[in-house]
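[1] this is the structure alone, sequence omitted:
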């Protein structure tokens with residue numbers, strides 16, 4: 001019953017928006033903008049042909065590859081910057097300059113360097129994800145209470161043990177936050193990159209539907225699928241936040 005109460009309000013809001021959408025399209029007698037039923041019909045058509053699943057898998061694989069590369073680079077680098085003051089002073093200004101630059105602005109350079117293919121969007125996803133995780137991880141190390149580090153040093157623990165049993169558990173909540181931010185931006189970037197430089201993925205599906213006979217039902221379907229997948233990905237990150245090893249940092 002408690003779970004039903006939590007989802008009742010969002011479901012009611014979504015249902016109201018769909019009803020409003022339907023009424024507006026019918027009342028305006030639009031011949032271009034689709035009704036919700038037309039969007040559902042178009043989605044089922046793509047799903048039956050298998051085309052929809054191919055585009056979804058293509059986008060998810062690109063995001064997965066770029067995001068994994070970002071994790072492999074960002075976490076060790078962020079931990080190092082958090083522990084070594086000289087590294088932080090040297091690298092942080094550069095990352096703070098790079099971080100606000102929209103990954104979309106890198107698309108022309110990505111195409112120039114890597115051509116039209118999967119490497120370009122993976123590179124863009126890497127850029128979108130790596131800086132939030134580096135900054136958040138380094139910030140998390142800086143927020144560790146000094147008494148924990150002093151206590152470990154007093155017991156004579158090795159550097160590897162200090163990282164494994166003190167620093168990483170303490171900074172893990174901040175790492176998850178950085179991953180959640182990075183994954184959200186990565187999902188935005190892959191769709192934009194696919195609209196410009198690729199021939200597969202949800203971004204390409206939207207542009208191809210627009211160009212191939214103004215199939216706006218499929219355009220809207222692609223947009224909604226992007227939103228739903230984004231919600232699911234964010235839910236996965238929120239699940240990580242609920243793990244016992246992470247939950248201690250949050251109020252609930």
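    Cool, got the structure. Everything quoted here is computed from the prediction, not taken from an experiment.

[2] what comes up buried for the longest helix along the chain?
    The longest helix of the chain (DSSP state H) is helix 51-83. For helix 51-83, burial by neighbour count (16 or more other CB atoms under 10 Å) applies to 52, 55-56, 58-60, 62-63, 65-67, 69-71, 74-75, 77-83. In short, each C-beta sits where N, CA and C put it, glycine included.

[3] check stretch 13-32 too.
    21, 25.

[4] count the neighbours of the spatially closest residue to residue 18 that is not a sequence neighbour for me.
    In space, and not counting its chain neighbours, residue 18 is closest to residue 36: 5.2 Å by CB to CB, 6 or more residues apart in numbering. Residues near residue 36, counting by other CB atoms under 10 Å, number 16.

[5] do you know the pLDDT at residue 36?
    pLDDT for residue 36: 87.

[6] next up, the contacts around it.
    18, 21, 22 (CB atoms under 8 Å, 6 or more residues apart in numbering).

[7] could those residues go into CSV alongside secondary structure, distance to residue 104 and pLDDT?
    CSV is the format used below for the contacts of residue 36 (DSSP: H, G, I helix; E, B strand; the rest coil; distance: CB to CB, whole Å; pLDDT from 0 to 100):
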residue, secondary structure, distance to residue 104, pLDDT
18, helix, 30, 87
21, helix, 28, 85
22, helix, 33, 87
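
[8] okay if I get those as JSON lines plus distance to residue 189?
    Converted to JSON lines, the contacts of residue 36 look like this (distance: CB to CB, whole Å):
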{"residue": "18", "distance to residue 189": "28"}
{"residue": "21", "distance to residue 189": "28"}
{"residue": "22", "distance to residue 189": "32"}
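
[9] and which of the residues you listed is nearest residue 236?
    residue 18 (25.5 Å; CB to CB).

[10] rewinding a little: what is the longest helix of the chain packed up against?
    Under the contact definition 3 or more CB pairs under 8 Å, 6 or more residues apart in numbering; DSSP states H and E, helix 51-83 sits against helix 36-49, helix 85-98, helix 119-142, helix 168-197, helix 202-211, helix 216-241.

[11] and the fourth one with helix 216-241, angle?
    Yep, that's helix 168-197 we're talking about. Interaxial angle, helix 168-197 versus helix 216-241 (axes from the mean of the first three to the mean of the last three CA atoms, to 10 degrees): 170 degrees.
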